[in-house]
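>>> the sequence and its predicted three-dimensional model are supplied below.
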Amino acid sequence: MRLVLAAGARPNFMKVAPILWSLERQGHDAVLVHTGQHYDEEMSDAFFRDLDIRSPDHSLGVGSATHAVQTARVMEAFEPVLVQEAPDWVVVVGDVNSTLACALVTAKLRHEVGCRLAHVEAGLRSRDWRMPEEVNRVLTDRLSDLLLTPSRDGNENLVREGIQKDRIRFVGNVMIDTLLDRLTVARQSSIISDLGLDRGRYAVSTVHRPSNVDQAQSLRRVLSALGAVASELPVVLPVHPRTRDRIDHFGVWNLLEPLIAIEPVGYLDMIALMDGAALILTDSGGIQEETTALGIPCVTLREQTERPITVQEGTNRLAPWPITTQGILRTGMDAMRNGSQGESRPEGWDGKAAERIVDALREID
Ligand code: UD1
């Protein structure tokens, strides 16, 4: 089988890695495309290193821009690559702008090139159309020939939207393949002691969603709430570039003073930090899943989640909405007292999702 695997942004890299390992182990011909949506050392290169992902065959170098420009640039640059490579399958992962852009190009050239489109992490729904990721998810699923879901609720969502059952396969969570593969190495990281912290006695937070950081009022609210948690235990905040930019723009650097604000960290250091934490506070999608697999209490700083299984079967809980300092403090303290029932691995979060993905692609090939 000949496949094009497309990745563009930080949360894509840990999903693509095990699929690439699995394809290459089985002797398939995999072409790796990096769109360049994320391009920094911290947001991209560090992940390629930590995950032993080989250099991309095509680097599209699209960079940052508005949604329309970024999506259009990926489409323009991906089209000739698809024509040149003429694969049997294009595999896209997750819900970022690069995912949708590559999916659109593939859907339009499907017949000309003779290829099909598979979406890994299909079927997740927040039902919040203000999130750019929700738009990307729904449209990518609609365009895909094969929809590979990480949890059974994904299948239900897709069937409800009228997608034929024979196009949907439950394969489990490919991010957890990567987590399980890298956990032993990650635990050798010295980041916890380098930051002067003790295992089990600190919290980690990440915030970058437009809904939390793009408006001055919401940014202030979320950073103040983290500041209140920091009066109970140290809070490490690796600052996403979008968040750093907004903090600069609104001139609210003072709100970082109670926190241990650091540059974004690579994959292994992030897993090490999460694994040693007493509590995680995040608006990330992937971290909700990783904390469930690690058994670390997680408070999701969003109104809803497209990953309800992490609440039903894992350690995740949603922050009372709208975010208030008292609400986060109470939920965070409660999560630490009652939130960790040990590691929880929902069905298919077993380190073998990539194998099932490759099987599904082969079956239909
Ligand atoms: C994107 C994804 C989001 C994902 C997040 C993970 C979409 C719509 N959003 O959001 O789902 O959770 O990535 O990080 O695709 N920047 C850098 N260096 C980089 C990349 C970006 O400094 O390597 C800065 C730029 O100033 C850019 C801003 O970050 O304008 C936002 O980047 P962008 O890729 O547009 O969206 P994210 O907020 O990262």
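Sure, I can see it.

>>> check the gap between the residue in the stretch 151-300 of the chain positioned nearest to the ligand and residue 89 for me.
Here the stretch 151-300 of the chain gets closest to the ligand at one residue, residue 241, 3.2 Å apart by CB to the nearest ligand atom. No exception for glycine: its C-beta is placed from N, CA and C like everyone else's. Distance, residue 241 to residue 89, using CB to CB, to the nearest Å: 32 Å.

>>> on that earlier part again, report the separation between the residue of the stretch 151-300 of the chain closest to the ligand and residue 42.
Counting by CB to CB, the gap from residue 241 to residue 42 is 8 Å.

>>> which residues are common contacts for those two?
With contacts defined as CB atoms under 8 Å, 6 or more residues apart in numbering, the residues shared by residue 241 and residue 42 are residue 264.

>>> so what's the residue of the stretch 151-300 of the chain closest to the ligand up against?
For residue 241, counting by CB under 8 Å, 6+ apart, the contacting residues are 40, 43, 264.

>>> drop anything exposed from those.
Among the contacts of residue 241, those classed as buried by 16 or more other CB atoms under 10 Å are 43, 264.

>>> need the residues of the chain near the ligand, please.
Within the chain, the positions lying close to the ligand (CB under 6 Å from any ligand atom) are 9-11, 37-40, 43-44, 64, 95-97, 132-133, 208, 240-242, 245.

>>> show me the strands in the stretch 101-250 of the chain, by range?
116-120, 146-149, 168-170, 203-206, 235-238 (DSSP state E, counting those that start in this stretch).

>>> just say which of those is most tucked in.
Most buried of these by mean neighbour count (mean count of other CB atoms under 10 Å) is strand 203-206; its value is a mean of 27.

>>> which other helices and strands contact that one?
When contacts are defined as 3 or more CB pairs under 8 Å, 6 or more residues apart in numbering; DSSP states H and E, strand 203-206 packs onto helix 216-229, strand 235-238, strand 279-282.

>>> so for residue 327, which of those sits nearest?
Each of the helices and strands packed on strand 203-206 has some distance to residue 327 by CB to CB; the shortest is helix 216-229, at 7.7 Å.

>>> buried stuff in that closest one?
Neighbour-count burial for helix 216-229 flags 218-219, 221-229 (criterion: 16+ other CB under 10 Å).

>>> likewise stretch 129-149?
So stretch 129-149, judged by 16+ other CB under 10 Å, has buried residues 131-134, 136-141, 143-149.

>>> related to what we said a few turns ago, now, the residues of the chain next to the ligand that are in helices?
Among the residues of the chain next to the ligand, the members found in helices (DSSP state H) are 10-11, 97, 132-133, 241-242, 245.

>>> returning to what we had before: let me have the strands of the stretch 101-250 of the chain in JSON lines, extended by mean pLDDT.
Formatted as JSON lines, these follow (pLDDT from 0 to 100):
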{"stretch": "strand 116-120", "mean pLDDT": "98"}
{"stretch": "strand 146-149", "mean pLDDT": "98"}
{"stretch": "strand 168-170", "mean pLDDT": "98"}
{"stretch": "strand 203-206", "mean pLDDT": "98"}
{"stretch": "strand 235-238", "mean pLDDT": "98"}
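
>>> can you list those in JSON lines and add distance to residue 286?
Formatted as JSON lines, those follow (distance: least, CB to CB, whole Å):
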{"stretch": "strand 116-120", "distance to residue 286": "13"}
{"stretch": "strand 146-149", "distance to residue 286": "16"}
{"stretch": "strand 168-170", "distance to residue 286": "19"}
{"stretch": "strand 203-206", "distance to residue 286": "10"}
{"stretch": "strand 235-238", "distance to residue 286": "14"}
